[in-house]
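Chemist: 3D model of this:
(one chain, ligands or ions: 1)
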Amino acid sequence: MRLDKFVAHATHLPRSEVRKRLKSGAVTVNDTKEKQAARQLTFEDIVRLHGEILHLPEPRYFMLHKPQGLVCSNHDGEHPTVLDCLNEPNKEALQIAGRLDIDTTGLVLLTDDGQWNHQITSPAHHKTKTYRLRTAEALTPDLPARFAAGIQLKDESRPCRPAQLTLLDDYTARLIISEGKYHQVKRMLAACGNRVTELHREAIGELQLDTSLNAGQYRHLTSTEVKQLSSSNE
Ligand code: URA
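Modeler: Numbering: from 1, shown residues only. This next block holds a predicted model:
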């Protein structure tokens with residue numbers, strides 16, 4: 001990692017401030033003053049700022065119960081974002097592991113561990129996502145078999161991977177998919193001549209949204225949950 005990036009991560013100082021400190025000679029690497037922002041560090045290097053040893057912060061992992069009306073983005077000129085729910089330092093550094101539409105509620109994961117995010121969201125890992133949905137038109141008994149066979153979305157060359165649709169009543173269902181195509185659930189129902197009116201994500205892989213979290217609330221993941229999610233690739 002570059003020295004300026006390391007110092008910025010470790011201190012949460014803006015890059016411009018880090019560059020000033022580097023220029024002033026406040027940063028040492030292995031007890032030698034270092035002014036080169038682009039210096040590449042190895043794991044053995046000891047970096048100090050004003051004599052204090054710097055450490056990278058531990059990566060953070062959160063689950064959020066996303067309410068409606070927030071966008072899953074770090075910045076948005078028009079709407080509040082999921083980051084507005086978080087009371088955390090340096091929250092701009094967090095990545096959203098699997099986005100939801102503005103009107104979708106439920107489980108959203110946020111982390112500053114890019115590798116973990118990749119394991120959760122990479123299409124190659126086929127991590128399952130469980131949704132509860134409500135539709136405008138009644139759900140018909142033929143639908144579970146159609147979803148299991150693979151729904152053909154408009155404007156896609158290949159059908160979706162088999163998905164598990166469980167009808168809960170005439171207008172609600174639980175759906176488990178193992179892909180993350182753009183607006184996938186809404187497009188799957190549209191392909192069957194129906195329309196999703198409410199959509200809520202209950203789980204990603206085996207990780208269920210904590211039912212003690214009200215919409216807008218969040219909590220840290222436990223270390224077991226972090227490991228479980230990155231190791232269980234269904
Ligand atoms: N599928 C959708 O259509 N919307 C979401 O927010 C998530 C999955």
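Chemist: tally up the residues packed near residue 70, please.
Modeler: A count of nearby residues for residue 70, using other CB atoms under 10 Å, gives 24. C-beta coordinates here come from the backbone N, C-alpha and C atoms, glycine included.
Chemist: and the residue most central in space within the chain, bridged to which residues?
Modeler: Centroid check for the chain by CA atoms, centre = their mean gives residue 97 as the closest residue, at 1.5 Å. Beta-bridge pairing of residue 97 under DSSP bridges involves residue 109.
Chemist: can you tell me what sits against stretch 82-90?
Modeler: With CB atoms under 8 Å, 6 or more residues apart in numbering as the test, stretch 82-90 has contacts from 12, 60, 62, 64, 66-67, 70-74, 91-92, 94, 96, 108, 110, 216-218.
Chemist: start to end distance for that stretch?
Modeler: 14 Å (CA to CA, to the nearest Å).
Chemist: tell me the mean pLDDT over that stretch?
Modeler: If you average the pLDDT over stretch 82-90, you get 93.
Chemist: then stretch 109-120?
Modeler: Here the average pLDDT along stretch 109-120 is 94.
Chemist: mind listing what's buried along it?
Modeler: 109, 110, 111, 112, 113, 116, 117, 119, 120 (16 or more other CB atoms under 10 Å).
Chemist: equivalent analysis for stretch 83-100, please.
Modeler: Under 16+ other CB under 10 Å, the buried positions of stretch 83-100 are 83, 85, 88, 91, 93, 94, 96, 97, 98, 99, 100.
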